[in-house]
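Undergrad: just the structure for this:
(4 chains)
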Number of protein chains: 2
Amino acid sequence: MRSYGEYCSIAKALDVVGDRWTLLIIRELLIRGGCRYTDLKDGLPGIASNLLSDRIRELESAGLVRRENAPPPVATTLFHLTAAGAELLPVLAAIGRWGTRYMMDPADGDEFRGHWFAFPASFFLRDRDPDGPPLSIELRAADSPAVIEIAGGTTHTRLGTAVAPDVVLSGEPRTILALFAGALSAAQAADLGLRIDGDLSALERVLPARADAAADDLTSATRTTRA
Amino acid sequence: MRSYGEYCSIAKALDVVGDRWTLLIIRELLIRGGCRYTDLKDGLPGIASNLLSDRIRELESAGLVRRENAPPPVATTLFHLTAAGAELLPVLAAIGRWGTRYMMDPADGDEFRGHWFAFPASFFLRDRDPDGPPLSIELRAADSPAVIEIAGGTTHTRLGTAVAPDVVLSGEPRTILALFAGALSAAQAADLGLRIDGDLSALERVLPARADAAADDLTSATRTTRA
DNA sequence: CGGCATCCTCTTTGATACTG
DNA sequence: CAGTATCAAAGAGGATGCCG
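TA: Coordinates of the predicted model:
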C-alpha cells in the first residue's frame, strides 16, 4: 500500500494493515493460530492466490507474521503471528464489535466458517458461574463445525468437534448470533429453526441477559427479524 | 469497495470502512467535528478531490456521515458524523494505539497537522489532579497550532490557540509525542530542542509516570532516540 | 472559494491457469 | 501444498475545468 505520508499513528497503522485482505489474514491467524497456506485460503474465500502470497510476504517483512518450517507430521510451512501481529487483537475486536450491526440482515450468498464465531462468542458470552465445571458448546452452522470452550471465565473457540459437548447448536449462523447477542431467547431461536441439543441450563449459564443493552449492539434490522 | 461476501462482523465492517482514506475521513470528523469540504481536504493531505467526493457520498449512503447546509455565517455545507459513524471511535483508538509503535522513526517528509495529537493526548495524558483547575496546553508543532484542554479528568484537543495557556510546547511533533508517551522526561525533551514555556508543574500534572509500562507502547526505536 | 466532474495514466485487484 | 504467470477490470492519483 502506498503510504499516506502522514505523521499520525492511525495513518501509520493503516500504511501497514490497511490493504485489502490484510486484516482478515490477521483475523485468521488470531483465531486459528498457526495456519498452512491452504488453511488461510480456505478461511478467506474469494482471495486470489497471488494476492494471498503477496500479503503474507508483506506481513512478514512488516514483522507481523512469521514463517515456520514445521517438521513432520505437519511437514509443511506454518504461518504464525508475531507478538506485534497478535497485538492487533484489540483492533479486530473493536472492528468486529462495530460491525455486529451489519450481521442481522439476510446475508444471502455470504460464505461462512465456524471459527468466525470466535469474536462474537467472546463479545457476547459471559460465564455466570466461572467456578463451575468447564463447558463446551458445539456449533454446527457450516461445513466445518466449531467448538466454544468456556472454562474459568474465559472463552475459546476452535474448529472441530467436542468429545462430549454440553450443548450442540445446529442451524443458521444468523440465528445463533442473535441468540448470543441476546436478541433472541433460546425458545425464540428454537422457534426460528435452531436445533438445541443437550443441557439447556449450560447454555443459559453463558447467554447474556436479554436486556435492551445487549440488543443495542444490533440495528433496527434485528428488531425486524425478531418481529 | 467490493464486498468480501463473508458472514463475519469484521469483514462486514471492512466492507463499509475498509476503503483507502475512509477511516482517515472518519478520524478528521471525530477529532474536528463538523467540517467543510476544504477542511477535510486540508486534513487529508494527498487525497484526490474526486476521491474525497466519492468517499463522502459513500459514507453518507452508509449512514455514517450527514450533510448539513449551514446557514450564515458559515454559509456552506458542513459534514458531520452520525451516531453510527461516531461509534467508530473505539476502532480508531485501537488502531492509533497500535500504530504508536511506528511514530518514533525519523518520519522525514511526513505531513503533520496539530489536531492529529488528539488521539495521542487521550492515550497518554492523565490528569493526576482531576479536581484541580482546568489546564490548557498549546502545541506549536505545525503551521496550525492546537490546544489540549484538560478539565475534570477529560482531555480534549482542538485546533487554534489558547487565550492563556498554562504551558506552550514548541518543537518537533516527535519530541512532543515522546514526552507524552513517557519515553522522554521534560528535561530530556528540552535537551532535544523542545521549547517548554509556562508552568512546568502543570505539564508534570498530566504527563504519565516514566515507568517502563509507558515506554512499552513504543518500539526499540524509541530507546535509540533516547540514547 | 467550495464542491464537485472529467480525463488520463498508473497501480492494484480478481480470475484463471499452471508449476515444483 | 505453496505458490507463479498471465491478463482483464477496477480503483487510485493527478491535473484541470466548471459552476454557483
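Undergrad: what about the helix ranked longest in chain A and chain B, any contact?
TA: Using DSSP state H to define each element, chain A has its longest helix at helix A:49-61. No - counting by Cβ under 8 Å from any Cβ of the partner chain, chain B is not contacted by helix A:49-61; separation bottoms out at 12.5 Å. Bear in mind the C-beta positions are built from the backbone N, C-alpha and C, glycine included.
Undergrad: report all helices and strands that that helix contacts.
TA: Based on contacts counted as 3 or more Cβ pairs under 8 Å, 6 or more residues apart in numbering or on different chains; DSSP states H and E, the elements that helix A:49-61 packs against are helix A:22-32, helix A:37-43, strand A:65-69.
Undergrad: in TSV, list those along with distance to DNA strand C.
TA: Compiled in TSV, these are given as follows (distance: least, Cβ to the nearest atom of the strand, whole Å):
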stretch	distance to DNA strand C
helix A:22-32	8
helix A:37-43	10
strand A:65-69	14
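Undergrad: closest to B:Leu23 out of these?
TA: The closest approach between B:Leu23 and any of those, judged by Cβ to Cβ, belongs to helix A:22-32 at 11.2 Å.
Undergrad: does that closest one reach chain B?
TA: Yes - Helix A:22-32 lies in contact with chain B when judged by Cβ under 8 Å from any Cβ; the contacting residues are A:Leu23, A:Leu24, A:Arg27.
Undergrad: in chain A, what residue comes closest to DNA strand C?
TA: Among residues of chain A, the one nearest DNA strand C by Cβ to the nearest atom of the strand turns out to be A:Ala48. It sits 3.6 Å away.
Undergrad: so who does the nearest residue to A:Gly132 once chain neighbours are set aside touch?
TA: Of all residues beyond its chain neighbours, the one nearest A:Gly132 is A:Arg205 (7.0 Å), with distances taken as Cβ to Cβ, 6 or more residues apart in numbering or on different chains. With contacts defined as Cβ atoms under 8 Å, 6 or more residues apart in numbering or on different chains, the neighbours of A:Arg205 are A:Asp127, A:Arg128, A:Asp129, A:Gly132, A:Leu135.
Undergrad: three-state assignment of A:Arg205?
TA: helix (DSSP: H, G, I helix; E, B strand; the rest coil).
Undergrad: what's the answer for the one 5 residues further on, then?
TA: For A:Arg210, the reduced secondary structure class is coil; criterion used: three-state DSSP.
Undergrad: repeat that for A:Ile150.
TA: When the structure is split into helix, strand and coil by three-state DSSP, A:Ile150 lands in strand.
Undergrad: residues touching the residue lying closest to it once chain neighbours are set aside, list them.
TA: Taking Cβ to Cβ, 6+ apart, and ignoring the residues beside it in sequence, A:Ile150 has A:Leu135 as its nearest neighbour in space, at 4.4 Å. Shown here is A:Leu135, whose contacts under the criterion Cβ under 8 Å, 6+ apart are A:Asp127, A:Glu149, A:Ile150, A:Ala151, A:Asp166, A:Ala202, A:Arg205, A:Val206.
Undergrad: ramachandran coordinates for A:Leu135?
TA: A:Leu135 has phi and psi values of phi -130, psi 140 when expressed as degrees, to the nearest 10.
Undergrad: quickly note the distance from it to DNA strand D.
TA: Distance, A:Leu135 to DNA strand D, by Cβ to the nearest atom of the strand, to the nearest Å: 32 Å.
Undergrad: helix or strand: which one has A:Ala202?
TA: Assigning secondary structure by DSSP states H and E places A:Ala202 in helix A:200-206.
Undergrad: then A:Ser144?
TA: Element membership for A:Ser144 (DSSP H and E) is empty, with no helix or strand holding it.
Undergrad: looks like it contacts A:Thr161 (just checking).
TA: No - counting by Cβ atoms under 8 Å, A:Ser144 stays clear of A:Thr161, with 9.6 Å between them.
Undergrad: ok, back up a step: looking at the helices and strands packed on helix A:49-61, which one is packed in the most?
TA: Each of the helices and strands packed on helix A:49-61 was given a mean neighbour count from mean count of other Cβ atoms under 10 Å in any protein chain shown, and the largest, a mean of 22, is that of helix A:22-32.
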